[in-house]
Structure formats: structure tokens, C-alpha cells
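Student: Next comes the sequence, and after it the predicted model I'd like to discuss.
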Protein chains: 2
Amino acid sequence: MREFELIRNIFQASTMASIEGRGDLLLGIGDDCAQVQIPAGQTLVFSMDTLVEGRHFPFDADPVDIGYRAVATCVSDLAAMGAKPAFFTLGLTLPESDPQWLAGLAQGMAELAEPIGLVLLGGDTTRGALTITLQVHGYVEAEQTPKRSGAKQGDDIYVTGLLGDAAAAVPIMTGELQVTNERFDYFYERFWRPTPRLIAGMALKRCVSSMMDISDGLAQDLQHILTASGVGARLDLASLPVSEPLKQWQPDHAYTLALTGGDDYELCFTAPVAMRDEIQLITQTLHLPCTRIGEITASGFEVEGYQGDLQGWQHF
Amino acid sequence: MREFELIRNIFQASTMASIEGRGDLLLGIGDDCAQVQIPAGQTLVFSMDTLVEGRHFPFDADPVDIGYRAVATCVSDLAAMGAKPAFFTLGLTLPESDPQWLAGLAQGMAELAEPIGLVLLGGDTTRGALTITLQVHGYVEAEQTPKRSGAKQGDDIYVTGLLGDAAAAVPIMTGELQVTNERFDYFYERFWRPTPRLIAGMALKRCVSSMMDISDGLAQDLQHILTASGVGARLDLASLPVSEPLKQWQPDHAYTLALTGGDDYELCFTAPVAMRDEIQLITQTLHLPCTRIGEITASGFEVEGYQGDLQGWQHF
């Protein structure tokens, strides 16, 4: 099958959102380039992620899950910028051309992409070891873009959602650990179906002093904010939001996983103390799970109640 | 080495063009997303290409060559849209973290990217089989964008540059064929250092009825224009622009290679007969090699002087 026909046939037959009715998307798959007219007053933000089989997801995983999670993890970067999702491109390297597998991948991608208005607008397919590169693009006003560098001493530190479940799920997903069916189902969902915090990002961007998404673990990712902002932090381990299933299954490790485990795809942000009421109002109104976990200090990084190494996941 | 630090350290130390002084590039490597303010009156065009070792370039090739050619082949898609290069992202999957190899890759990329104002603005690095995914982005006015679908019966068909050298070079590059040093040097350069026809694309976009770049071979790529435009074509094999070294080395196959071989990265475009003088004036003024090779017909695809199958390179 010829280049692009593979993507075109499989992905356009799926329920992927159409470019029809989208005035910003001028040209899609079919020319040398796709073409976009960025809406007036908006800037373009984008992030590229590469996922390799056996490294970022287990071998022989369900293609629907792979597709959903690939888009979710990449879209999480748009959430961290407070951006509205717009379109994405897909670089797909495959050991063989398997229409059923591809249809599954397309379905999983569409399950996340379509409801949030994220349209597949181009890409490339090649033969080789299974590798998925996604670039997601969104729109945000220049002056309302949260960055990593704005945290100030005295700011509160918050996270969305629950931490640690996805990291705890990894040995279950790879088959290394056997658990009950009920436990399997809960952690399966938590690993494969992260919720990119798009609404939280868009709703909170005016209140925050810095924001990022947690992909390599809270401890490691928060340190990116600290470094970029030239500040320190003090966290309270017991304040981290941890799920009941994780506490029940791993009472001794739950909070450590929440602090150092990866793959959460929740948002971590800082905000001035004066913003507490507004943040509470927004999160309550929109039913956003959000927890205050510590404060920004002048320097250093302490976690009360934790005596371990503060390292996250290393790609190399 | 942590994610992005690999790219940041190696690529920012190279001669890659800086984002300093570029008002359109608001955020680069370091936040969850890069951020761009598209210049007023411009649209964004972009193209993604994935290159796999052993498939798109030989094993153990010089990383400087790999880097140069990767950017060149991807930028060729911008040329086909008449676009001005702006920025690119790099998804790099590597079997190991080899600083010397990476420095070579960065050098090769910068050799092409820097003079044309194409800035590296983000990406991802992962471990795995050597796979390079590039997304290049450029700017073009919406109403001046050449497409594949505009060719009309009676239009002239043109190509830039010389065709067939890169396809002839493949068995030399893989070591399958031994040739004289002089021949090796010529074809080595022709394979590894294609010239994306950016100036031709930008200068000619007002004159053309359709345009695309030739990556899979003239015959196959021209058929994309014919299909998109709902027309046919008649070419004259003897009119195809073929280099003297190719004619001398392969007198019996030179024109067939020019017609069906891939990897040329020249432009193929169509234009109304009334545009002949203007096109000649532009190409002469700018010293652009450009050859009229046939005409658009109502239907079918004939090549006078050729009795073979009209197939290009198939990725699957």
C-alpha cells in the first residue's frame, strides 16, 4: 500500500473528527503539506512525543489502548499550556501493514481525539519496529500561557487528580504481577486511560504562576518548575492525593509511588496564596479534583515524611 | 541523560539557528509545548517525514549526511507549497546515546537548516531502533498556496533540476556496486545532498496551476497531480533533464531512472501556456534549472519513447 493511503484509508474510515466545518483547517492529508489558518488572537502551541513498543507500552498491547493513551499523553502537554486542542500529526513505523491492528489504533485515537476537537491532519507511515510519533497542536492566547518559570516563593503548589496509580499498574500490565480481577480492571484503566486535564488547564491558566503536566513523576517534574523559576519547594507526603485502591493494595508504597512514579498525566501548578478562593471556586464549579500539596520556598526541595531519593524515570 | 537534555545539550551547542531575534518563535525547548505566533497574513503549512535506518538510508551512514538529507527531504515539501521555512521538530529514536554521533547529526541538520532560517523548536528522544521523525513548518499566504489539484488540460508540465541521479546512486551507497572515485563522489553528493527547491517554489507559486515535490519518482508523483486534478498527461522521455554523468554511466537506463527513480526532491509543476514567458523570465533571472517535459491532457498517462511499467517506490 502506498504512503499515506494506509493512514488515509484506515483513519478517514474511522470516527476521527472531520475537517469539515473547521475554518482553521485549510488542507489535510493529500498535498505535500497540511495547511492551517491560526484563529485571530491565538498563538500555536505544540508538542511531539515518541512512544516505542516495549519501552513506553508493553509488547502485544491492545491497539485501541495504545491509540487512546498515545493521544492522551501527548494532549496532556496542551493541557499544561492551557491550550485548546486543534489538530495532530502521526508518524507511524510498523513491522507490517495489518489493517485490523491499524483500525484498532485509529479507533482508540478517535475515542479521545474526536470529543475534544483534535483532528488528524497529516503524517507518515514507514516500515520498522513499532514506533509512534505524535505531534499535537493547540491554540492559546499569548498573554495567558502558563509556563514553568513563573513560580514565586510563598506560592501554593497544587496537583489535579490522583497520583501513583499508573506507576503501580506497570508490573500488572507487563504481566510481572498477578492481581485479582477487580484490581486488574481498576489499574488497567488507570494505566491505559489517563485523563488529560484540558478543562483544568484552560480554566486555571489565569490563576497560576506556573504549570506543567506530570509524566515522569511529581518529584522529577516539579523540579523542572523549581529549576526554571529559581525557587525551592516543601511538600507534605501525607497530603498527596492517593486512590483508595492503591492505599489498600500497597499501604507501604502508595505515597512513594504518588511522589516518584510516572505516567500520571495530571497537572502540577503553583499559584499565589491570594488565588486560593478563586481556584477553589473554579475547581468546585467544574468538579475538578485538585489538591494543595505544599508551598514554594526560596531554595531546596524537601518532602516532609519522605526519606528517599527524589528521582523519576530516566529515558536514557 | 534526561529527556530533552540530550537534544538541548547537543543541538543548542551546534550552529543551529537561534530563536533570538525571531518575533514569531515565543517558546522553544524547555516547556511542555513550544509556542509560535504566526506572522500576520500568513498560514502555517507543515509536513512530517519518518526515516528508518536500513530503509530510507543505509546502515552505518555518516550522521552528518543523515542529518542534512533528513532536513532536505522534509523541507522539499515546504518548497512544493511555495512556503518560507520557519521551524522544525525532531523525534529521535536511538539505540544508544552517542554524543559524537548526535553532534554529527546536529551539524548536518544545521548545515541545511541555518541558512534557510529553519529553527529546531522541540521534539522528543527515546531509545530504540534508529528512526528519525521530522516535522517541518513554514509560512505561506493562503491565496498563494500551490496545490496538487489545479492542473488543467493544455497546461505545460515542468520539472526543476536533474532527475535520476539519486536513484542511480542507491546501489553505490549500499556498497552493492563499485565505481570509480570520481563517479562515487558525484553520486554520493547527489544522493546525500539534495537541494530543496525553496526559491523556485516561492518564486513560481503565482504562476503554477499545480505543484508537488518528486520523492517517489516523477511517474508516480505526477500521477498524484493527475488524480487530484482529474486530468491526464503526455510526457516525452527524451525531454527529461538527465545529468551527463548519469548518461555516461548508464546510457541505456538514464531516462528510465529519471522517469521512475525516487529521491530526486525536485519540483514538478504545471502552468498555463500563457505563463511560459513569465516562467522563463523567473527561472533565467534566478538561475533556476527548469525544463518543460510535456503537457496535461484530458485523461490517461503516456510517456513517448517509454515501454515499461509506470511504478515508483512503494513503502509497503
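Tutor: Sure, I can see it. Bear in mind the structure is a predicted one, so any value in this text is a computation, not a measurement. Numbering: from 1, shown residues only, chains lettered A, B, ... in the order given.
Student: can you pull out the strands in chain A?
Tutor: Remark: strands assigned in chain A by DSSP state E are A:25-27, A:34-36, A:43-52, A:84-94, A:119-127, A:131-140, A:156-160, A:210-214, A:232-236, A:266-271, A:290-297, A:301-304.
Student: The fourth one near chain B at all?
Tutor: Yes - figure legend: strand A:84-94 in contact with chain B (Cβ under 8 Å from any Cβ of the partner chain); contacting residues A:89, A:90, A:91, A:92, A:93. Where C-beta positions appear, they are placed from N, C-alpha and C, glycine not excepted.
Student: How about the contacts made by the second one?
Tutor: For residue A:90, the contact set (Cβ atoms under 8 Å, 6 or more residues apart in numbering or on different chains) comprises A:7, A:11, A:109, A:120, A:122, A:123, A:132, A:133, A:134, B:48.
Student: Tell me which of the residues you listed has the lowest pLDDT.
Tutor: Looking at the contacts of residue A:90 by pLDDT, the weakest one is residue A:7, with 62.
Student: most residues in a single helix of chain A, which one?
Tutor: Looking across chain A with DSSP state H, the single longest helix is helix A:63-80.
Student: Output the contacting helices and strands for that helix.
Tutor: strand A:43-52, strand A:84-94, helix A:99-113, strand A:131-140, helix A:181-192, helix A:198-204, strand A:210-214 (3 or more Cβ pairs under 8 Å, 6 or more residues apart in numbering or on different chains; DSSP states H and E).
Student: So which bits of the fifth one are buried?
Tutor: Put plainly, it is helix A:181-192. A:183, A:186, A:187, A:188, A:190, A:191, A:192 (16 or more other Cβ atoms under 10 Å in any protein chain shown).
Student: do the same with stretch A:38-53
Tutor: Buried positions in stretch A:38-53, judged by neighbour count with 16+ other Cβ under 10 Å: A:38, A:42-53.
Student: before we move on, the earlier item: tell me the one of the contacts of residue A:90 nearest residue B:296?
Tutor: Of all the contacts of residue A:90, residue B:296 sits closest to residue A:122, with 26.4 Å by Cβ to Cβ.
Student: looking at it, that closest one is touching residue B:49, isn't it?
Tutor: No - the criterion here is Cβ atoms under 8 Å, and residue A:122 misses it with residue B:49 at 10.3 Å.
Student: Now distance to chain B too, for the buried residues of stretch A:38-53, in JSON lines please.
Tutor: Formatted as JSON lines, the buried residues of stretch A:38-53 follow (distance: Cβ to the nearest Cβ, whole Å):
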{"residue": "A:38", "distance to chain B": "5"}
{"residue": "A:42", "distance to chain B": "9"}
{"residue": "A:43", "distance to chain B": "5"}
{"residue": "A:44", "distance to chain B": "5"}
{"residue": "A:45", "distance to chain B": "4"}
{"residue": "A:46", "distance to chain B": "6"}
{"residue": "A:47", "distance to chain B": "5"}
{"residue": "A:48", "distance to chain B": "5"}
{"residue": "A:49", "distance to chain B": "5"}
{"residue": "A:50", "distance to chain B": "4"}
{"residue": "A:51", "distance to chain B": "8"}
{"residue": "A:52", "distance to chain B": "4"}
{"residue": "A:53", "distance to chain B": "8"}
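Student: So which of those residues is the closest to residue A:248?
Tutor: residue A:51 (30.6 Å).
Student: count of neighbours near the residue nearest to the closest one when sequence neighbours are not counted?
Tutor: Counting by Cβ to Cβ, 6 or more residues apart in numbering or on different chains, the nearest residue to residue A:51 once its immediate chain neighbours are dropped is residue A:132, at 4.6 Å. For residue A:132, the neighbour count with other Cβ atoms under 10 Å in any protein chain shown is 26.
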